[in-house]
Each structure stands twice: as structure tokens, then as C-alpha cells.
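Undergrad: Only the shape, not the letters, is given here:
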Ligand SMILES: NC(=O)c1ccc[n+]([C@@H]2O[C@H](COP(=O)([O-])OP(=O)(O)OC[C@H]3O[C@@H](n4cnc5c(N)ncnc54)[C@H](O)[C@@H]3O)[C@@H](O)[C@H]2O)c1
Ligand SMILES: O=C(O)[C@H](O)COP(=O)(O)O
């Protein structure tokens with residue numbers, strides 16, 4: 001059985017050597033990969049010899065550990081437990097419960113208020129980084145990590161402070177904690193809505209200044225007023241639910257929200273135009289993206305009802321803050337209540353913050369004890385899971401693959417990587433790969449096969465041996481694109497058992513020369529095909545020759561004229577050189593015609609041995625493939 005875990009789709013597993021380190025491993029084996037039993041123990045630390053993924057990220061990690069071990073042992077201070085654990089940097093305050101989860105698995109470095117330079121300095125020594133909204137995880141951070149940083153955990157929802165493009169390019173998974181602070185943010189939105197309408201903050205300040213200004217702070221009622229929710233996602237829906245209880249009429253604008261969810265809450269989904277022109281109150285709950293940046297500006301404020309009131313617990317950047325000051329000064333916007341700002345903290349002399357009709361809080365939406373504990377546990381489990389190689393349900397820059405799909409595809413994932421690795425070794429040096437086609441034959445409907453994992457693993461198999469990059473599900477497509485290689489896929493429905501997701505997988509590489517001409521089809525493509533038999537990946541076709549060998553160890557492919565004694569001849573050359581043969585298979589186009597002999601070997605034969613095989617007169621060509 002091939003020694004690779006489906007978990008390595010994401011990362012080589014890092015696990016703690018402490019006794020409770022298997023908490024998340026157990027979770028992963030039972031809930032994430034329920035039926036797949038990897039040959040690497042879930043409790044084992046990864047090691048160089050076992051690692052199925054020779055990659056810079058692994059090497060960096062190992063080098064660090066090994067270097068530490070060397071220096072520690074020479075100084076007599078070796079602490080094996082500490083050295084074998086991954087390191088997680090927490091750069092902003094995280095709930096205690098989350099820290100405990102992290103500490104049971106990793107060395108945890110809680111260093112708050114780091115400057116960008118300090119963060120870049122630390123980052124090359126950590127495997128994961130956990131942030132809230134106050135840490136900018138820029139491209140420089142990923143560059144400075146030199147491939148060691150594998151996961152960024154955002155303890156909250158908004159990931160606008162993380163450079164996702166850079167994370168993806170560096171193969172770093174970004175996960176967030178999208179649900180635990182929803183209610184807290186919604187409650188804060190309602191708190192701002194009510195306190196703004198009744199001038200709570202202003203009148204509080206006035207009284208504390210010794211005044212009693214009952215006429216100045218007459219408020220407005222909420223009942224019967226129209227509230228427009230901009231962004232009808234998790235927080236927006238919860239704000240709607242609560243505002244309905246206050247007797248408000250709720251409309252919402254969200255280009256992506258399902259109408260039935262809105263209907264179920266008695267909310268009418270409307271256009272942006274209708275929302276901003278008819279609302280008495282506008283509450284913002286969309287993410288900050290290039291499309292939503294400064295979407296509230298002079299033009300859009302100009303269309304609003306005079307005296308509109310605005311609440312923002314989403315992101316400061318969705319409002320053009322200078323335009324809001326102008327709209328407040330002109331009275332178009334009567335009041336604003338803001339929890340978030342374009343720059344946080346905003347400058348002390350900010351006209352917006354100082355405006356008499358503005359209520360502000362310092363980004364407190366998620367700051368309840370309950371939400372912070374929840375977020376901390378949610379992100380800690382996601383980060384530990386990701387370091388364990390699991391695909392996170394809250395991955396932001398990788399496809400989320402349901403556990404049952406992953407479990408079913410696990411043996412095919414191994415097959416896919418091996419086929420990629422095999423195919424690329426058949427390409428003659430100097431032939432630039434431009435196009436790879438993957439053909440999946442399956443008895444299932446075309447739509448009933450999620451090929452993202454398989455495609456990623458084929459890309460990994462092809463490119464990892466010929467690049468210094470560590471390739472995983474996060475960056476596989478990006479890597480292929482960056483290298484200018486077009487990956488296309490074709491699914492062919494065949495008459496076989498629908499019990500298995502895939503019957504065969506073919507990898508075809510066009511417009512290249514091959515080291516082994518027999519691997520080419522008449523159309524000039526290198527083509528190899530494999531299938532899973534009894535859970536083990538098998539090579540079933542090379543060019544137009546059928547073979548049947550399990551893909552493990554290394555392989556010698558020989559093209560010969562089919563004749564008696566060939567297996568014995570090659571077998572005895574290998575035997576004399578003490579190279580153990582694990583299997584042999586001959587595929588031929590007809591009796592005594594062209595044939596391909598596939599020989600599995602446990603050791604790599606030396607050059608002389610390979611030359612002796614090549615010198616056998618009936619052998620026309622041969623190639624040694626390292627799997
Ligand atoms: N102040 C805080 O402490 C705090 C706390 C939690 C969340 N937030 C912020 O609140 C926002 C919403 O969080 P969420 O958990 O509800 O996220 P969510 O992803 O569940 O909801 C966001 C919604 O916005 C919609 N959307 C996207 N583009 C839009 C557009 N152009 N116009 C209108 N709607 C659009 C999406 O379809 C989605 O339904 C995020 O920006 C998040 O960072 C702030
Ligand atoms: O997007 C979020 O989750 C909120 O803005 C919370 O941010 P915080 O973790 O910095 O409080």
C-alpha cells in the first residue's frame with residue numbers, strides 16, 4: 001500500500017508528541033476521514049523519511065527542528081517535546097479556551113502589538129499565525145516566512161487584513177471563524193441603532209459634564225420605520241430578526257442572498273437603489289471587497305432620504321468617510337453610529353469621530369466574552385486541524401471538500417499524484433510542458449464527480465519534482481497557471497460499477513517529446529492510465545500498451561519484442577546486482593509482437609545494471625521511473 005495519507009493533500013501532518021496531542025487527530029480520523037485508514041499513524045510526528053511530500057515547506061520545518069536538536073544536544077539542553085511540536089504565533093488577544101486547545105498541540109507564542117517588522121522577523125519560525133482584525137498579514141509576511149508558515153487563522157469573520165492572493169501563491173491556507181461572533185455583532189448593531197436613535201452616548205456625556213439637557217436630546221422612534229440591511233448574510237439576518245422585534249419594516253439588499261431565506265424572515269430583498277432611497281435607517285453588513293469599497297460616497301449619500309441614519313458594524317472601508325462628514329454636515333445623514341473605520345484606530349482629530357451626530361465604538365462588535373471564547377475555540381480547532389493536514393470547513397482560499405467526498409476519493413488521490421509524478425518523468429528533458437489533459441472514466445454522472453482534489457494531486461505530482469515549491473490544494477491551480485500550463489479535464493461516462501467514483505484516470509501530456517517513445521499515442525501525446533484496485537493504485541496503460549502493475553517503489557519500463565525468456569533475462573540481471581523485483585507485468589499488442597514489460601523494483605538499480613538491461617538485444621528502449 002502506498003505510504004501517503006489523503007491528508008497530505010493539504011499539508012504534511014505535523015503533530016505534537018505530547019500525550020494529549022492526538023485530540024485533534026482523533027477528531028480528524030473519525031469525523032473528517034471516517035473510513036480512510038492512512039498508512040501513516042495519525043499520532044506519528046512527520047519525519048523526513050516518511051514524508052510523502054518532499055517540499056521546501058517540509059524541509060524548512062525539519063531543518064529548523066534538526067538545527068535546534070543539534071544545538072540543544074550539544075549544549076545538553078535538549079527538550080524533545082518542545083522541538084517536535086509545531087509553533088503557533090498568536091498576534092492578538094485570543095480567548096483562553098482557544099489558547100488551551102492550541103497549547104495541547106503546539107508551542108504557542110502569544111506576542112501582541114508586534115510591529116510589521118517584528119512580525120516579519122518572527123514569522124519564519126512559526127507554522128501557523130492567528131490574528132484578529134488588527135494584524136496586517138501582507139505579502140511581505142508570507143515572503144518573510146520562507147515557506148514555513150502553513151496556516152493563517154483569522155479569529156473572526158473579516159479577512160480583509162490578510163493578503164489572500166499572496167497566501168495562495170505561497171500555498172498557505174487561510175481559515176477563519178465565521179460563526180461564533182455573529183450574534184455579538186448583530187447585538188452591537190442593534191445597540192448602536194437604539195442608542196443612536198435616543199442619543200444615549202451624547203446625553204451621557206452631557207450629564208457627566210454637569211448638564212441636564214432634556215430638550216436637546218429628543219430622539220426618534222424605531223417602530224414603523226424602514227431599516228435597510230445592506231448585506232443579508234449571517235450578521236445582517238440576525239440584525240433583521242432583532243429589528244423586526246422592535247417593530248421596524250425590514251428591507252435588504254444583497255446580490256447573492258437567497259430570496260427564500262429573506263422571505264422566511266419576512267424581509268423583502270430589493271435593489272441597492274431602492275434600499276438606499278427608501279430607508280430611514282441603513283445598517284451595513286457586507287464584507288469589504290474591491291466592489292464594496294467606498295460604495296457609500298457623495299453620489300450614493302445624495303440619493304438617500306434626508307435625515308437618514310446609518311449604522312456600520314461591517315468595515316469602515318465601505319464608506320467614503322470624508323463624504324459621510326459632508327453628508328452629516330449638510331443634514332442628508334442625520335446621524336451615524338460607527339464601530340469600524342477605514343484606518344483603525346482612526347486619527348484622534350478625525351472629523352468623523354468628533355462629529356456631534358456620530359456615535360463611535362472602537363471595533364467592539366465581536367467583543368463579548370461569549371463571542372471571544374467561541375471564536376477562540378473555533379479558530380484554534382481549525383488551525384490545529386489544518387496543521388494536522390485536514391481540509392478545514394472554514395477554509396477561505398481552498399475548496400471545501402465534504403468529508404464523505406474526501407473519504408471516498410482518498411485512494412484515488414494517491415493514484416492521481418503517482419500518475420502525475422510518473423507522467424512527468426516520461427517527458428524528455430528540455431521539452432516544456434504546456435498542456436496536460438486529465439481524462440476520468442466513471443460510471444457516475446458527469447456532475448457527480450468532484451475532481452478538484454484529483455486535479456490538484458496530479459498537478460502536485462507533475463510539478464513538485466521539478467520545482468522547489470510545495471504544492472497543495474491551495475496553490476495547485478495557481479502553480480499550473482503560473483508555469484503557463486493549461487490543465488483541462490474530460491469526464492467520460494463508462495459502463496462500469498457506479499459504486500466507485502472513478503474507474504480510470506488518464507494523464508495526457510501534449511506537444512512534448514518522451515524519453516520512452518512507447519508511452520506516446522498516435523496523436524503524439526504521452527499517455528498513462530491508472531486505476532485503484534483493492535485500494536491500491538495500479539498503472540493500467542502506457543501509451544497504447546495495457547499493463548497491470550501496482551504503482552509503488554520504482555518502476556522499469558522496457559519495450560521489447562515479445563519472446564520467451566525476457567522476464568528471466570531481465571530478472572536475473574537485477575538479481576545478480578541484488579535489486580529486488582517486487583512485480584512484473586507484460587502488456588503486448590499481439591503474440592510475439594511489440595510488448596511492454598513493467599518491472600517493479602525495491603532498490604534503484606545503478607547505471608551499470610540499467611545499461612546491462614538496455615544491452616539485451618530484444619529490448620528496444622527502457623526507462624527507469626522513481627515513484
Ligand atoms: N464589527 C465587528 O466586530 C464585526 C463582527 C462580525 C462581523 N463583522 C463584519 O460584518 C460583515 C458581515 O459579516 P457576516 O458574518 O454577516 O458575513 P457574511 O459573509 O455571512 O455576510 C456578508 C453578506 O454580504 C453580502 N454581500 C457581498 N457583497 C455585497 C454587496 N456588494 N452588496 C450587498 N451585499 C453584499 C454577501 O452576499 C453576504 O450575504 C463582515 O464585513 C464582517 O467582517 C464585523
Ligand atoms: O470580522 C470580524 O470578525 C470582526 O470585525 C471582529 O474583529 P476582531 O476580531 O478584531 O474583533
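TA: Right, received. Where do you want to start? None of these values were measured; they are calculated from a predicted model. Numbers count the residues shown, from 1 in each chain. Ligands and ions are numbered 1, 2, ... in the order given.

Undergrad: Could you list the residues of the stretch 151-300 of the chain in contact with ligand 2?
TA: Listed as neighbours of ligand 2 in the stretch 151-300 of the chain under the rule Cβ under 6 Å from any ligand atom: 155, 156, 157, 158, 181. Where you see a C-beta, it was placed from the backbone N, CA and C, and this is true even at glycine.

Undergrad: Make sure the fourth one is indeed in a helix.
TA: It stands for residue 158. No. Looking at residue 158 with DSSP: H, G, I helix; E, B strand; the rest coil, it is coil, so not inside a helix.

Undergrad: hmm, back to that, got the residues of the stretch 151-300 of the chain next to ligand 2 as a markdown table, with neighbour count columns?
TA: Formatted as a markdown table, those follow (neighbours: other Cβ atoms under 10 Å):
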| residue | neighbour count |
| --- | --- |
| 155 | 30 |
| 156 | 24 |
| 157 | 25 |
| 158 | 18 |
| 181 | 25 |
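
Undergrad: Throw those into JSON lines and include pLDDT, thanks.
TA: Listed next are these as JSON lines, based on pLDDT from 0 to 100:
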{"residue": "155", "pLDDT": "97"}
{"residue": "156", "pLDDT": "96"}
{"residue": "157", "pLDDT": "94"}
{"residue": "158", "pLDDT": "94"}
{"residue": "181", "pLDDT": "97"}
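
Undergrad: number of nearby residues for the closest residue to ligand 1 within the stretch 451-600 of the chain?
TA: Residue nearest to ligand 1 within the stretch 451-600 of the chain: residue 474 (20.3 Å; Cβ to the nearest ligand atom). Neighbourhood size, residue 474 [other Cβ atoms under 10 Å]: 29.

Undergrad: from memory it sits against residue 396, does it?
TA: No. Using Cβ atoms under 8 Å, residue 474 makes no contact with residue 396, being 9.9 Å away.

Undergrad: Which parts of the stretch 51-200 of the chain are strands?
TA: 87-90, 107-110, 128-131, 151-154, 173-176 (DSSP state E, counting those that start in this stretch).

Undergrad: now the stretch 251-400 of the chain
TA: Using DSSP E, counting those that start in this stretch, strands in the stretch 251-400 of the chain cover 268-269, 281-284, 308-312, 333-338, 358-360.

Undergrad: ok, of those, where does mean pLDDT dip lowest?
TA: Here those differ in mean pLDDT, and the lowest is strand 268-269 at a mean of 95.

Undergrad: starting at the chain centroid, how far to that one?
TA: Taking Cα atoms, centre = their mean, to the nearest Å, the mean C-alpha location of strand 268-269 is offset from the chain mean by 33 Å.

Undergrad: quick one, what contacts the residue in the stretch 251-400 of the chain positioned nearest to ligand 2?
TA: At 3.6 Å from ligand 2, residue 366 is the closest residue in the stretch 251-400 of the chain, using Cβ to the nearest ligand atom. By Cβ atoms under 8 Å, 6 or more residues apart in numbering, the contact set of residue 366 is 156, 157, 181, 184, 185, 372, 375.

Undergrad: run the last query once more with 10 Å
TA: Residue 366 makes contacts with 132-133, 155-158, 177, 180-185, 188, 235, 313, 339, 372, 374-375, as judged by Cβ atoms under 10 Å, 6 or more residues apart in numbering.

Undergrad: And the helices in the stretch 301-450 of the chain, which stretches?
TA: Using DSSP state H, counting those that start in this stretch, the helices of the stretch 301-450 of the chain run over 321-330, 351-354, 369-387, 403-425.

Undergrad: Tell me where the model's unsure across this protein.
TA: Residues of the chain meeting the criterion pLDDT under 70: 1-83, 430-431, 467-469, 588-593.

Undergrad: Can you pull up the most central residue in it?
TA: residue 398 (3.2 Å; Cα atoms, centre = their mean).

Undergrad: Would you mind listing what in the chain touches ligand 1?
TA: Within reach of ligand 1 by Cβ under 6 Å from any ligand atom, the chain has these residues: 157-158, 178, 181-182, 185, 230-236, 253-257, 285-288, 291-292, 313-315, 339-340, 363, 365-366.

Undergrad: of those, buried ones?
TA: Among the residues of the chain next to ligand 1, the ones that count as buried by 16 or more other Cβ atoms under 10 Å are 157-158, 178, 181-182, 185, 230-236, 253-254, 257, 285-288, 292, 313-315, 339-340, 363, 365-366.

Undergrad: what's the neighbour count on whichever residue of the stretch 1-150 of the chain sits closest to ligand 1?
TA: Residue of the stretch 1-150 of the chain nearest ligand 1, by Cβ to the nearest ligand atom: residue 133 (7.3 Å). Using other Cβ under 10 Å, the number of residues around residue 133 comes to 21.

Undergrad: ok, it touching residue 160?
TA: Yes. Taking contacts as Cβ atoms under 10 Å, residue 133 lies within contact range of residue 160: 8.1 Å.

Undergrad: Which residue, other than its chain neighbours, is closest to the residue in the stretch 401-550 of the chain that ligand 2 sits nearest to?
TA: For the stretch 401-550 of the chain, the residue closest to ligand 2 is residue 474, as judged by Cβ to the nearest ligand atom, at 21.5 Å. Leaving aside its sequence neighbours, residue 474 sits nearest to residue 398 (Cβ to Cβ, 6 or more residues apart in numbering; 4.6 Å).

Undergrad: ok, the one you found - contacts?
TA: Counted by Cβ under 10 Å, 6+ apart, residue 398 has contacts 9-10, 167-168, 171, 173-175, 386, 391-392, 452, 456, 472-476.

Undergrad: go on, residue 394?
TA: Going by Cβ under 10 Å, 6+ apart, the list of residues near residue 394 reads 153-154, 157, 174-179, 378-379, 381-382, 385-386, 400.
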